[in-house]
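Peer 1: Got a sequence here, can you model it:
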Amino acid sequence: MSRPRRLKAASPGLPRVDFPYMKDTQGHFAPIVYLQVWTRNRWLYLQAYVDSGASWSVFHADVAQLLGLKLRQLKRRYVTLGNGAVLPIYFDHIRVRFAGAEFSVPVGFSDALHMGFNLMGRAGFFTKFTMCFNDRARLLTVTRSSRSPR
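Peer 2: From the prediction side, this is the model:
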């Protein structure tokens, strides 16, 4: 498991964490990170692909089950993917730990997500952090934002 490296802050008071890229299911290096989600009695580690093109985070339905959530009781929405496919997702706010911070984020869960990974989208994450993708160095640098917009 590739662990994030905490580095000196780029500027005072703004902690920075480097996440080395990990291999995806096809063996390509990608910005896949570890985060923790609260399951009502303990923290659970998950991997997620950081996707700056995704408006929402979408996790597999089995993650909702681990969190004790029932999909049919959550608010259902439909999102259109880049290939034009429409995906039903069930939204809730969950507690996460990521890059040294603990906070709540909106996450969609889907049993129709046919990818080998969870997606970390912009909502709830990109307002709290600056994400710098360095594909050449295979490194995602995450810096906590000085202010989060309201």
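Peer 1: Shouldn't residue 63 be within a helix?
Peer 2: Yes: per DSSP: H, G, I helix; E, B strand; the rest coil, residue 63 lies within a helix segment.
Peer 1: Can you tell me how far it is from residue 120?
Peer 2: Noted for residue 63: a distance of 12 Å to residue 120, by CB to CB, to the nearest Å. C-beta: built from backbone N, CA, C; applies to glycine.
Peer 1: quick one: which of those two has more around it?
Peer 2: Per other CB atoms under 10 Å, whichever of residue 63 and residue 120 has more neighbours is residue 120, with 30 against 21.
Peer 1: Now for the closest residue in space to that one that isn't next to it in sequence, how many residues are close by?
Peer 2: Excluding the flanking residues, the one nearest residue 120 by CB to CB, 6 or more residues apart in numbering is residue 48, at 4.0 Å. Residue 48: 24 surrounding residues under other CB under 10 Å.
Peer 1: Look up which helix or strand residue 48 falls in, please.
Peer 2: Using DSSP states H and E, residue 48 falls within strand 43-50.
Peer 1: Helices of the protein, start to end?
Peer 2: Along the chain, the stretches classed as helices by DSSP state H are 61-66.
Peer 1: Now do residue 26: how many residues are near it, please.
Peer 2: Going by other CB under 10 Å, the residues that sit close to residue 26 add up to 7.
Peer 1: Buried by neighbour count: which residues of stretch 52-67 qualify?
Peer 2: Neighbour-count burial for stretch 52-67, with 16 or more other CB atoms under 10 Å as criterion, is recorded at 54, 56-60, 63-64, 67.
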